[in-house]
Structure formats: C-alpha cells, structure tokens
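Participant: let's see this in three dimensions:
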Amino acid sequence: MPGTIDAAQAISADLAELRHAIHAEPEIGLDLPRTQARVLAALDRLPLEVTLGTGLSSVTAVLRGGKPGNTVLLRADMDALPITENTGLPFASRVDGAMHACGHDLHTAMLCGAARLLAGRQPELPGNVIFMFQPAEEGPGGAAPMLAEGLLDAAGDRPVAAYGLHVTSGLLPAGFWSSREGPLMAAADTIHVTVRGRGGHASRPNHAADPIYPACQMVTALPALGRRLEVFDPVMLTVGTFHAGTVNNVIPAEAKFSATMRTFSPAARDAIRTAIPELLGGIAAANQVTAEIDFEEGYPVTANDNAEYEFARQTLTDMFGADRFIRTPQPVTGSEDFSFVLEQVPGAFVLLGACPPGTDPFSAPFNHSAEAVFDDCVLADGTALLAELAVRRLAAS
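Facilitator: Numbering: from 1, shown residues only. Model (predicted):
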C-alpha cells in the first residue's frame, strides 16, 4: 500500500537516528535500561497504554483503535550479543564486548515506527494493537517471561493474530522478503552429559574405568541417531564442548560434553529426548561407566500458522511486489523465542534482507558475526509492513 510505505519513508531519518543510538549502546540479556528508555522516549506523546515488565526490561504498549474490533500483536526484540564489534561503522558499539550483531536494533526502531504510523490512524482502526518490545531473545529468553506477566491480556481481549520480522545481513538481498508456511525455524535444546568412571594411573588403565573413551564413543555415535528417526523430519546434533582430565598421565574420574539439538517438530523433539538416553546409556554400560544426561529445554519450533502466513505473504507482495518475495525452501536451523507467542496465538514470522546494497548477500558476514552490517535502507519497509499487517488484519476480523 503506497500510503503506508510513503508514511514510513517520511520518518525514515528518525528511525535511523533511533537505530544508531540503540546500536551504539547495546545491552545484553533481560536488563536493558538504556534501550528501554529510548523506546519509551520514542513512544512518548503517542496515545498508548504503556506497561513495563517487572522481572525484565520489557515494554508493552497498547493502542486502542477508535472503532470496536479485535486485537493484533506486533513484536520486536531489543537485546544485543556478547560480541566485540568489528564493522568500522560510525555508530559502532561503544560498549566493549557487546554488539547488535543480529539486527535487533533495526527491529526495535521498526516497531517504534509502526506504533507512530498506527497512532496517526487511531480513529479509523477497528480494534487494538499490542506492541511487544522484549529483551533477551538471544538468551535466556524474554518472550516467555512477558507471557507470564500477562502480555496477551494487555488489551483486555487476547490477540487474534501475532506478527514479527527478522532482518538478515546476508543470504537475502536488501529489501527482499522470505518466509514459509508451517515450521520456519528450529527448536533449540541443549544436552549436558557427564560420564563418570574411576580414575587412576594412565599406565594401568585396567585398574581404572576410563570415562574419556566411552565419552568419545558417545560423541561419534550421536549423529547416527538420525537413522532411527523420520528421514523427512530431521534432527541436527552438534557437540560444542568436551572437557576431561588435567594431565596426560592421569585417567580422570569423569568426562563432560554438551551438544545443541535442533528439531523441526514436536514429534522429533520428543523422539530425540527418548533416543539419547537409550543410546548413551548402552555405551556407558558396555564400558562399565555411568552417564548422567541433563536436558536443557530451549526455544520451541517457530511455526507459522498457514492462514496467517498466506495473509502476511499476500500483504507484503501487494505492498512491495511479488518479485521481492522468496519462499523459504526449508526451515532455518536457527531458533527464535517468538515461537512461544506463536504457540498461543496464530501468526506469522518473516525474514527481511538488510544486506548493504552492492554487497553479495551470499558472501556477506551473516547474523552473529562481529562484521555483520545491516543497512538502514530497510527500516521504512519493515515499519510499513508491521503497520499494514495490523491495519489489514483488524479490518478483516
């Protein structure tokens, strides 16, 4: 819709200024006081009902339309990553060891912009909009605490649809959109394994129960679990840490390793939780050691509702043209805690290329890189889409 795009472009300089200020002072985790203050300043004087989180630096703002109707939810994450920035940007991070390497500074500015556009259309809106500004998407997770603090009841009646977006610094050209129906992003869980044996002198292994050898067997056996599961519902297991021993001539009493598990359906997630103890327990028993397995539950699968995905796809192709939409061919192996919202509210999550124009998106440093660069040129597009999704969805209710 040209009107919404034009309105977003008219405030693009303000959006870039806000984005640069957030980018220069990144904050990590649940406590984001400076970022929260900037969001509140950007929302000041808009006709919003604002609630702050009690256990985290979240902002929930409600815009009540001038006409009766349903409620929709729009979301942005606000936190940065524990990375030292290496982009050379004039607004690069001034905080050692922290960087907006995943583009959440753009998300925050876009949602502030959408609130501004929608506030200007308040009298004609048939319903309400909840603006969800959440910390800690990069961990330990801010969506679940916001839900626990009553996010979905902020407007009185629960939202009928929820929408969010994520920028990418590579893979997609600037201004190109991508998404898919059903599973879009993986569930991410962690396993921590402690193999306990009996320590001893390395020259007399028969008088000890070496935990290192069976732990190595476990690491190499884990990828084979995929052969026990549905081939078209894959599981990805990657061991990221392994710790054992202190010196070369001592057999330690224990070895530890941890791995990330990525799945794309609740069925696969449940199946792997059953299969891992069976496999590792068998290896431990064969080597006369024990294996203690702790599962750390992370984010569930980010799954788009089919109808809401189609609605979002149609909206963005109407606005930007079908040639700027690329259907995501298979789910992305990264994870996203907007999944907790989508478990309770039908909705859609879309990706937006923010690779600097003139840069090859396939070789550009990707999200979470110390050299990742997200271009301001997409700020107006993201703002316009969020606002238009709310307008059209409320009108269709």
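
Participant: could you pull up the residues touching the residue most central in space within the chain?
Facilitator: Of all residues in the chain, the one closest to the mean position by C-alpha atoms, centre = their mean is Glu336, 2.6 Å from it. By C-beta atoms under 8 Å, 6 or more residues apart in numbering, the contact set of Glu336 is 137, 166, 185, 299, 302, 349. Heads up, the C-betas are built off the backbone N, CA and C, glycines and all.

Participant: what's the burial count for the second one?
Facilitator: By that I understand His166. 28 (other C-beta atoms under 10 Å).

Participant: ok, the closest residue to Gln36 other than its chain neighbours to Pro266 distance?
Facilitator: Among residues not flanking Gln36 along the chain, Ser57 sits closest, at 4.4 Å (C-beta to C-beta, 6 or more residues apart in numbering). From Ser57 over to Pro266 the distance is 31 Å, taken as C-beta to C-beta, to the nearest Å.

Participant: elements contacting the biggest helix by length in the chain?
Facilitator: Criterion DSSP state H: the longest helix present in the chain is helix 266-286. For helix 266-286, the packing partners by 3 or more C-beta pairs under 8 Å, 6 or more residues apart in numbering; DSSP states H and E come out as strand 187-196, helix 212-221, strand 235-244, strand 254-263, strand 290-299.

Participant: tell me the buried residues in it?
Facilitator: Within helix 266-286, the residues scored as buried using 16 or more other C-beta atoms under 10 Å are 268-269, 271-273, 275-276, 279-280, 283-284.

Participant: out of those, who's nearest Pro123?
Facilitator: For the buried residues of helix 266-286, the residue nearest Pro123 by C-beta to C-beta is Arg269; the value is 45.8 Å.

Participant: doesn't Thr263 make contact with the closest one?
Facilitator: Yes. Arg269 is within contact range of Thr263, at 4.4 Å (criterion: C-beta atoms under 8 Å).

Participant: and for those two, which residues touch both?
Facilitator: Joint contacts of Arg269 and Thr263 (C-beta under 8 Å, 6+ apart) are 187, 189, 301.

Participant: just the strands in the stretch 51-200 of the chain please.
Facilitator: Using DSSP state E, counting those that start in this stretch, the strands of the stretch 51-200 of the chain run over 59-64, 67-77, 126-134, 161-168, 177-179, 182-185, 187-196, 200-201.

Participant: can you tell which of these is closest to Asp318?
Facilitator: Going by C-beta to C-beta, the one of these nearest Asp318 is strand 177-179, 11.9 Å.

Participant: quick check on Arg204: phi, psi?
Facilitator: Main-chain dihedrals, Arg204, degrees, to the nearest 10: phi -130, psi 60.
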